[in-house]
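# I'll drop the sequence and a predicted model, then ask my questions.
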Amino acid sequence: MAYAASGLHLIGGASGQRLWYYVSTDTIADANTAGYFNDAANMLNLNDLIITVTSTGGTPVITHAYVNANNGSVVDITNGVVVTNTDGD
């Protein structure tokens, strides 16, 4: 699949860095591939944090990643840190 602008939402931010929320049925491996967010190059700043909600076989995967490269046309985000889900009850 590919980046969908409808899945990217600005939550807030200050001092040039912002917090984004991105939802997609793509996997995190797709989303953290260099070039995936190219269509958002004019919106994403270096070091912006993106909370991604992606999917692996229908199971949601929540990841915290950030923009580590954006030259104005090619965007790359980090692999991200997966937020693990534990529910002991």
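Looks like it came in fine.
# Okay, buried residues for the longest strand belonging to the chain please.
If each strand of the chain is counted by residues according to DSSP state E, the longest one is strand 59-70. Neighbour-count burial for strand 59-70 flags 61, 63, 65-67, 70 (criterion: 16 or more other Cβ atoms under 10 Å). The way it works is simple: take the backbone N, C-alpha and C, and place the C-beta from them, glycine included.
# Spell out the residue ranges of the strands in this protein.
Going by DSSP E, the chain shows strands at 8-14, 17-23, 49-56, 59-70, 75-77, 81-82.
# Tell me the strands beside the shortest one, with direction?
Counting by DSSP bridges, the strands paired with strand 81-82 are strand 59-70 (antiparallel).
# Next, report how far the strand it pairs with is displaced from the centre of its chain.
Put simply, strand 59-70 sits 4 Å off its chain's centre (Cα atoms, centre = their mean, to the nearest Å).
# re the thing from before, got a markdown table for the strands of the chain, with distance to Asp30 too?
Compiled in a markdown table, these are given as follows (distance: least, Cβ to Cβ, whole Å):
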| stretch | distance to Asp30 |
| --- | --- |
| strand 8-14 | 14 |
| strand 17-23 | 12 |
| strand 49-56 | 8 |
| strand 59-70 | 11 |
| strand 75-77 | 11 |
| strand 81-82 | 15 |
